[in-house]
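Student: Turn this into a model:
(one chain, ligands or ions: 2)
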Amino acid sequence: MSVERTLSIIKPDAVAKNLIGKIYDRLETAGLQIVASRMMRLTRQQAQEFYVVHKERPFYSDLVEYMISGPVVVQVLEGDNAIARNREVMGATNPADAAPGTIRADFAESVESNAVHGSDAPETAYTEISFFFDVGEILSRDS
Ligand code: ADP
Ligand code: MG
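Tutor: Residues are numbered from 1 along each chain as shown. Ligands and ions are numbered 1, 2, ... in the order given. Now for the predicted structure:
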């Protein structure tokens, strides 16, 4: 196993439902350490850029509106196989398909308002972490 970092977002629906602590507990219980964290409200431009890979998808403009509809909490998670482990704890994109006990099965409202984001590969993790955090804002436990 290798130590990785991944980018996680608690999305506006979950922040609005006061679920920040419950979601952090799921992540930490899964062995992931929160090594950077910030609450913020995304600008339209940031949301468009963050999800640019989906810009041709029919749900893109709704997704951007949803992501700017309220504050989010962005964090860098670190741990063994952090990218896959976070995706496991999150559950499938559509909460109807998410395994029982996952964050999305328990807290998501719909395929769009699905509580959390997690990077899907090492390259996207690197890009997404850099999108939100400078190197000096990431505080591994041994640093
Ligand atoms: P994931 O977040 O699981 O990596 P995707 O990268 O495929 O999923 O999609 C990014 C986000 O776009 C999803 O988390 C969800 O908020 C939204 N989304 C994905 N598919 C749909 C859809 N069919 N209809 C509406 N929104 C969607
Ligand atoms: Mg994705």
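Student: Three-state assignment for Glu78, please.
Tutor: Following DSSP: H, G, I helix; E, B strand; the rest coil, the label given to Glu78 is strand.
Student: Report how many residues lie close to it.
Tutor: 20 (other Cβ atoms under 10 Å). Where C-beta positions appear, they are placed from N, C-alpha and C, glycine not excepted.
Student: Spell out which parts of this protein neighbour ligand 1.
Tutor: Counting by Cβ under 6 Å from any ligand atom, the chain comes close to ligand 1 at 54, 59, 63, 93, 111-112, 114, 117, 120.
Student: hmm, which of those are the buried ones?
Tutor: Among these, those buried by neighbour count (16 or more other Cβ atoms under 10 Å) are 63, 112, 114, 117.
Student: taking the residues you listed one by one, which sit in helices?
Tutor: In helices, judged by DSSP state H, the following of those are found: Leu63.
Student: Tell me the one of the buried ones among the residues of the chain next to ligand 1 nearest ligand 1?
Tutor: Checking those against ligand 1 by Cβ to the nearest ligand atom gives Glu112 as the nearest, at 3.6 Å.
Student: okay but the closest one is in contact with Asp62, surely?
Tutor: Yes. If you go by Cβ atoms under 8 Å, Glu112 and Asp62 touch, sitting 6.4 Å apart.
Student: returning to that earlier point: possible to save the buried ones among the residues of the chain next to ligand 1 as JSON lines with distance to Ser37 and pLDDT?
Tutor: As requested, these are exported to JSON lines (distance: Cβ to Cβ, whole Å; pLDDT from 0 to 100):
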{"residue": "Leu63", "distance to Ser37": "23", "pLDDT": "98"}
{"residue": "Glu112", "distance to Ser37": "24", "pLDDT": "98"}
{"residue": "Asn114", "distance to Ser37": "20", "pLDDT": "98"}
{"residue": "His117", "distance to Ser37": "14", "pLDDT": "99"}
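Student: of all the buried ones among the residues of the chain next to ligand 1, which two lie farthest apart?
Tutor: Spanning the widest gap among these are Glu112 and His117, at 12.0 Å by Cβ to Cβ.
Student: thinking again about what came up before, let's have the residues of the chain next to ligand 1 in CSV, adding distance to Ala36.
Tutor: Below are those laid out as CSV (distance: Cβ to Cβ, whole Å):
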residue, distance to Ala36
His54, 24
Phe59, 28
Leu63, 24
Thr93, 24
Val111, 28
Glu112, 26
Asn114, 22
His117, 15
Asp120, 19
